[in-house]
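Visitor: Here's my sequence, what's the structure:
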Amino acid sequence: MTTPSFALHIPDAVLEPDPLDPAQIVSGTPEVTGKVVWESADGKQVRGIWQITPGVVTDTEADELFVVVSGSATIEVEGGETFRVGPGDLAVLRAGDRTTWTVYETLRKAYAISL
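Guide: Numbering: from 1, shown residues only. Below you'll find the predicted structure:
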C-alpha cells in the first residue's frame, strides 16, 4: 500500500519519547523525541521529525538531509567542519560521520534519511 500525500505542521506535531543511549550523552540531560511520518517499504528511506533538548551528545550519522524548524545547535563533524544551525537552516550529514551536537535551545528538525 502506498502512503497518500499529506501535509503536517511541524511545530505542532506530537512527538514520542526516543531515549538516548546514555553513552551518547557528554553533558547535561538532553531528551530526544521524534515521529516517523513516512518510511519506504524496504525501510531504507525514512522521513520524520526529531527534537532534542539542550545538552551535548555524540552520534554516528546516516545519510541525512534536514531543515531546522526551531532552536539552535552547533554540530562538530569529527575530522571535518563545525557548523551552527538554527531556524530555516538546511544541513546534510553523511553516513558514518561521527558528530558532537551542542544544543543551546531545544532543536526541532524535519529530516529525510537514507539507510
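Visitor: Can you point out the buried residues in the longest strand seen in the chain?
Guide: Assignment by DSSP state E gives strand 98-114 as the longest strand of the chain. By neighbour count on 16 or more other CB atoms under 10 Å, the buried set for strand 98-114 is 99, 100, 101, 102, 103, 106, 107, 108, 109, 110, 111, 113. C-beta: built from backbone N, CA, C; applies to glycine.
Visitor: next one: stretch 48-62
Guide: Of all the residues in stretch 48-62, those buried under the rule 16+ other CB under 10 Å are 48, 49, 50, 51, 52, 54, 55, 56, 57, 58, 61.
Visitor: and if you look at stretch 86-99?
Guide: By neighbour count with 16+ other CB under 10 Å, stretch 86-99 contains the buried residues 93, 97, 99.
Visitor: Likewise for stretch 22-35?
Guide: Of all the residues in stretch 22-35, those buried under the rule 16+ other CB under 10 Å are 30, 32, 33, 34, 35.
Visitor: Quickly list what residue 45 is bridged to.
Guide: Here residue 45 sits in beta bridges with residue 114, going by DSSP bridges.
Visitor: In the protein, what residue spans correspond to helices?
Guide: Applying DSSP state H to the chain gives no helices.
Visitor: Look up the closest residue to the residue nearest the centre of the chain, ignoring the ones flanking it.
Guide: Geometric centre of the chain, nearest residue: residue 50, 4.8 Å, by CA atoms, centre = their mean. Take residue 50 and drop its neighbours on the chain: the residue closest to it by CB to CB, 6 or more residues apart in numbering is residue 34, 4.4 Å away.
Visitor: What of residue 103?
Guide: Nearest non-adjacent residue to residue 103, counting by CB to CB, 6+ apart: residue 73, 4.4 Å away.
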